[in-house]
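**Student:** need a 3D model of the sequence below.
(2 chains)
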There are 2 protein chains.
Amino acid sequence: MAQKDQKGLTAQKENDFSEWYTQLIQKAELIEYSPVSGCYILRPNAYHIWEKVQSFFDALIKADGVKNCYFPLFIPESLLTKEKKHVAGFAPEVAWVDYGGDTKLGERLAVRPTSETIMYDAYAKWIRSHKDLPLRLNQWNNVVRWEFKHCTPFLRSREFLWQEGHSVFSSDSEVRDDTFKMLNFYEQTFREMYAIPTLKGKKSEGEKFAGAVYTLSVEAFLPNGKAIQGATSHHLGQNFAKAFDIQFSDDQQQKQYAWQNSWGISTRSIGMMILMHSDNKGLVLPPKVALTQVVIVPILFDNSRKAVLKEAQDVVKRLTTKNISVHLDDRDDYTPGWKFNEWEMKGIPIRVELGPKDLEKKQVLIVRRDTGEKKAVSLVKLDVEIPALLETIQQSLFDKAEKYLKRSIVTVLNFKDAEKQLKTEKLLFVPWCGKPLCEEEFKEKTGAKSLNSPFEQPALKNGQKCFACAEKATVWFYFGKSY
Amino acid sequence: MAQKDQKGLTAQKENDFSEWYTQLIQKAELIEYSPVSGCYILRPNAYHIWEKVQSFFDALIKADGVKNCYFPLFIPESLLTKEKKHVAGFAPEVAWVDYGGDTKLGERLAVRPTSETIMYDAYAKWIRSHKDLPLRLNQWNNVVRWEFKHCTPFLRSREFLWQEGHSVFSSDSEVRDDTFKMLNFYEQTFREMYAIPTLKGKKSEGEKFAGAVYTLSVEAFLPNGKAIQGATSHHLGQNFAKAFDIQFSDDQQQKQYAWQNSWGISTRSIGMMILMHSDNKGLVLPPKVALTQVVIVPILFDNSRKAVLKEAQDVVKRLTTKNISVHLDDRDDYTPGWKFNEWEMKGIPIRVELGPKDLEKKQVLIVRRDTGEKKAVSLVKLDVEIPALLETIQQSLFDKAEKYLKRSIVTVLNFKDAEKQLKTEKLLFVPWCGKPLCEEEFKEKTGAKSLNSPFEQPALKNGQKCFACAEKATVWFYFGKSY
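**Tutor:** Model (predicted):
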């Protein structure tokens, strides 16, 4: 049998997380490296995950009244620099266009790192009265941030895909509610699509978005003991409204600056999903984002070939009518064992094996990708058992990740314990002073930083000191090593 | 009643097509101008049309086996210049990035004008054997072509949205079939979604894609007597395979260069639709691409207000269950007349008027946007009549455009007649020599150029001369003034 070389992963998740990831994303055909350093090719196996997440999140926000639109990729330098804190946060990593063909441009153009400035310039034209509010727009697009740190596919790339929502309201309370609502949509997306539990909370002053009043985030905790920010929702207050002169006349005909938020989730989330669930055999896909949910591998011998293939095709038909995406791998020039390895590497949630002996018994063997568990299932029960098993797998991936998250959180009250727990890959829950300088010093010493502070805060004991600097603690916070 | 100023279009389609278009796209809230010349903001009313077309075309190609992916926005200069004819076609309008933050890049990067080069560089890595073929990938993305001619929203913009499909096959005949199949998908998309009839055919040598063996196109003919290219499908032969070294070993283990095509449709098509169907009251939307298909305008008086609104809400519910997108305009501070004008400007296919007298008669008045036709319809029949009328409108827009197209085509055999017919806004069908120089000279003299040549060619008479240069004619071709 002339089959291609097949190599599994040579690095293990437990021992060399980074090498394991690098091998996996290429061997599972998720990523190809491109000639531009820090920019990666999303192959169909990866892009499909994004399409699934897009359509889930898009339905959530559209049902809530948000509308999609598209703003230009290019932002003139003068516009980008209009909100001072904002530009300070982004300028170091902007990619600049200065030539069109052979002609030098009059003003250089930023490739959008995010679209606040160009959108709010238009918002100022559109908004006149409180009747024009709320204005709630979203874009699905590509953005560029020219990172100089080590780039990693999905997790840190110079170009990435995302959605950016930008809403305008006539009061602080409306924007506050909406900012929390969007965060809940992100939590739901991670939970239901990626099977990832997240911690919802508020970022520190040092870690908030450039130009925001505050930033909310969902954070996940990966099996290598590192936290990662999943998505953010920013309360912008009236900061941008003042910089861009977005004013409306209220019902008393008084002019007021508008209240705004912005919120986004990116293709980074795909990387989080890979790191969370996958194993040393390759990718493990939650069924809800899998391009192929079930692969059928027929065991073919000359004398029973026709009958087995006929039955396999029948299974395809029956599962397809149940809206399950199923692939029949009837290639002749690969052994069943080779095929098993390939589909395991690619993370297909369920494998169905069907050979002549199974046919005699009117059954198939089904194998779960996440646990390796095997089970004989009667052919007549397949269209009930497979959909149920897909749901079980989705839930069980989430449950496993949640157990790990809960097990990893430790409450720590002083620096020494913090240092010790970080070494055993824990996620710290700490009483903190909240000061940027304290965070910086802690980061320098330990490599860990603040993640977010949960909305439901336990009471702080009277005189409780900051775990890091021993000044007065003001808030409970999550800290950890982080991407 | 305190309502915003409302101004209709002050230019007429018949008298000042260009000014009429400029006013319409802004007043119908499709486009906002941006601070970057030649780049436009697609507002929700416009972006929704694109989403509808995307999902239609995406379903067609996915059902046919094409998979979506995403390649980087940036292409290194050395890669872009690898296929000589290709780069010659695009280099004059490439936007170049040369700085990341404050750091000058080692090699400047093109913002993709199209992705042949960066995709085929990866294809060369992925393709080894005939078993890796066909490889059929598509991207939905943004591209930039720094046009120096007069830019116009949708029709010619420096950044636009499109899909670009790039397939690889192991034989010329496969790629030929696929190139025609994709063209048929485009014809179908224009017909079923935009209600636009198109002429399918092959472009001239002078008008084909830079680097292609030949280019197929669909062309539409607009009410101002100008043709416009709607979408293209390029047979690339082995040109790029040779430049990028895309080789596969065939079933005899012999190395061969692969056969390729590429094909695309862009947001330009939205502009075609606007120009084709709209009128002096504003936008006319084919129901299949309308964000709102039906608007209900209740006629409210104090004493009957409650009953009328209740019935209107009931109509919304009933139509929604029929999958019709319906909006109830119950704003208090605008008169019904003001609302009629607004929804006419925005192109909503059907308006439903409902007042106390209608309620008494258990009926509504329905008004077609395309014809202005009014009709009383009994309330109980609404959920049958409205869906049927939406279909009628869709078909009737197409029929009207097709009648116009057929009426506009004239067969012309010599230069004098050609010149004369172009002045009366006709589309020429001509016997042509096919030579680039002849086309150039004709264009200089008349402003008109070749569109495409139909696949079913009438016989050429013995000794038939070229309509333009009087040399030997070799092919029947469409010529016309064109965008």
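**Student:** show the contacting residues for the residue nearest to residue A:304 when sequence neighbours are not counted.
**Tutor:** Leaving aside its chain neighbours, residue A:304 sits nearest to residue A:356 (3.7 Å; criterion: CB to CB, 6 or more residues apart in numbering or on different chains). Where you see a C-beta, it was placed from the backbone N, CA and C, and this is true even at glycine. Contact analysis of residue A:356 by CB atoms under 8 Å, 6 or more residues apart in numbering or on different chains lists A:299, A:301, A:303-304, A:307-308.
**Student:** in stretch A:447-457, what counts as buried?
**Tutor:** By neighbour count with 16 or more other CB atoms under 10 Å in any protein chain shown, stretch A:447-457 contains the buried residues A:448-454.
**Student:** could you grab the helix/strand/coil label for residue A:236?
**Tutor:** strand (DSSP: H, G, I helix; E, B strand; the rest coil).
**Student:** without its sequence neighbours, what residue ends up closest to it?
**Tutor:** Counting by CB to CB, 6+ apart, residue A:260 is the residue found nearest to residue A:236 once chain neighbours are left out, at 4.2 Å.
**Student:** residues contacting that neighbour?
**Tutor:** Each residue near residue A:260 by CB under 8 Å, 6+ apart is listed here: A:120, A:166-169, A:175, A:236-238, A:240-241, A:246.
**Student:** mind listing residues that contact the worst-scoring helix or strand of chain A on mean pLDDT?
**Tutor:** Considering only helices and strands, the least confidently modelled element of chain A by mean pLDDT, DSSP states H and E is helix A:84-90, at a mean of 83. Identification of contacts with helix A:84-90 by CB under 8 Å, 6+ apart yields A:80-81, A:113-114, A:116-117, A:145, A:209-211, A:239-240, A:243.
**Student:** can you pick the most crowded of these?
**Tutor:** Using other CB atoms under 10 Å in any protein chain shown as the neighbour criterion, residue A:116 leads the contacts of helix A:84-90 with 30 neighbours.
**Student:** any idea how far that one is from residue B:227?
**Tutor:** Residue A:116 sits 41 Å away from residue B:227, going by CB to CB, to the nearest Å.
**Student:** can you tell me the SS state at the spatially closest residue to residue A:154 that is not a sequence neighbour?
**Tutor:** Nearest residue to residue A:154 in three dimensions, chain neighbours excluded: residue A:271, at 2.8 Å (CB to CB, 6+ apart). Three-state assignment for residue A:271 (three-state DSSP): helix.
**Student:** list the contacts of residue A:271.
**Tutor:** Taking CB under 8 Å, 6+ apart, we find residue A:271 in contact with A:152-155.
**Student:** over to residue A:343?
**Tutor:** Per CB under 8 Å, 6+ apart, neighbours of residue A:343: A:295, A:297, A:329, A:351, A:369.
**Student:** C-terminal to the helix or strand where residue A:395 lies, what's the next element?
**Tutor:** According to DSSP states H and E, residue A:395 maps onto helix A:382-408. The helix or strand immediately downstream of helix A:382-408 is strand A:409-411, counting by DSSP H and E.
**Student:** and that following strand, what does it pack onto?
**Tutor:** strand A:427-432 (3 or more CB pairs under 8 Å, 6 or more residues apart in numbering or on different chains; DSSP states H and E).
**Student:** just to revisit the earlier point, which ones among the contacts of residue A:271 lie within helices?
**Tutor:** Per DSSP state H, helices hold no members of these.
**Student:** in TSV: the residues you listed, plus pLDDT and neighbour count.
**Tutor:** Output for these, formatted as TSV (pLDDT from 0 to 100; neighbours: other CB atoms under 10 Å in any protein chain shown):
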residue	pLDDT	neighbour count
A:152	96	19
A:153	97	25
A:154	98	23
A:155	96	19
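**Student:** so which of those residues is the closest to residue A:72?
**Tutor:** Comparing the contacts of residue A:271 against residue A:72 with CB to CB picks out residue A:154 as the nearest, at 25.9 Å.
**Student:** ok, that closest one to residue A:291 distance?
**Tutor:** In terms of CB to CB, residue A:154 sits 17 Å off from residue A:291.
**Student:** do the same with residue A:104
**Tutor:** Distance from residue A:104 to residue A:291, by CB to CB: 45 Å.
**Student:** pick out the residue nearest the middle of chain A.
**Tutor:** residue A:269 (1.6 Å; CA atoms, centre = their mean).
**Student:** tally of neighbours for the residue lying closest to that one once chain neighbours are set aside?
**Tutor:** With sequence-adjacent residues excluded and distances taken as CB to CB, 6+ apart, residue A:269 is closest to residue A:230, at 5.9 Å. By the criterion of other CB under 10 Å, residue A:230 has 24 neighbours.
**Student:** mind checking the SS state of residue A:122?
**Tutor:** Under three-state DSSP, residue A:122 falls in the helix class.
**Student:** correct me, but it touches residue B:34?
**Tutor:** Yes. Counting by CB atoms under 8 Å, residue B:34 is a contact partner of residue A:122 at 7.3 Å.
**Student:** ok so, going back, may I have the least confident helix or strand of chain A as CSV, with CA atoms only?
**Tutor:** Included here for helix A:84-90 are C-alpha records, laid out as CSV according to Å, rounded to 0.1, in the frame of the first residue of the first chain:
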residue,chain,number,x,y,z
LYS,A,84,-4.4,60.8,23.1
LYS,A,85,-4.4,57.7,25.4
HIS,A,86,-5.8,55.6,22.6
VAL,A,87,-3.0,56.4,20.2
ALA,A,88,-0.4,56.0,22.8
GLY,A,89,-1.6,52.4,23.3
PHE,A,90,-1.5,51.5,19.6
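**Student:** show me what counts as buried in it.
**Tutor:** Result for helix A:84-90 [16+ other CB under 10 Å]: buried residues A:86-87, A:89-90.
**Student:** out of the residues you listed, flag the one nearest to residue B:347.
**Tutor:** For the buried residues of helix A:84-90, the nearest to residue B:347 is residue A:86 (36.8 Å; CB to CB).
**Student:** now for residue A:122 and residue B:34: what residues contact both?
**Tutor:** With CB under 8 Å, 6+ apart as the test, residue A:122 and residue B:34 both reach A:71, B:41.
**Student:** hmm, back to that, possible to save the contacts of residue A:271 as JSON lines with distance to residue B:72?
**Tutor:** Converted to JSON lines, the contacts of residue A:271 look like this (distance: CB to CB, whole Å):
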{"residue": "A:152", "distance to residue B:72": "15"}
{"residue": "A:153", "distance to residue B:72": "12"}
{"residue": "A:154", "distance to residue B:72": "14"}
{"residue": "A:155", "distance to residue B:72": "16"}
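**Student:** name the nearest of the residues you listed relative to residue B:74.
**Tutor:** Looking across the contacts of residue A:271 and measuring by CB to CB, the closest to residue B:74 is residue A:153, at 15.6 Å.
**Student:** my read: that closest one touches residue A:31, true?
**Tutor:** Yes. Here residue A:153 reaches residue A:31: they are 4.5 Å apart, a contact under CB under 8 Å.
**Student:** which two of the contacts of residue A:343 have the greatest separation?
**Tutor:** A:329 and A:369 (14.4 Å).
**Student:** more neighbours, these two?
**Tutor:** residue A:369 (26 against 18).
**Student:** could I get the pLDDT score of the nearest residue to residue A:70 once chain neighbours are set aside?
**Tutor:** Nearest non-adjacent residue to residue A:70, counting by CB to CB, 6+ apart: residue B:42, 4.1 Å away. Looking at residue B:42, its pLDDT stands at 98.
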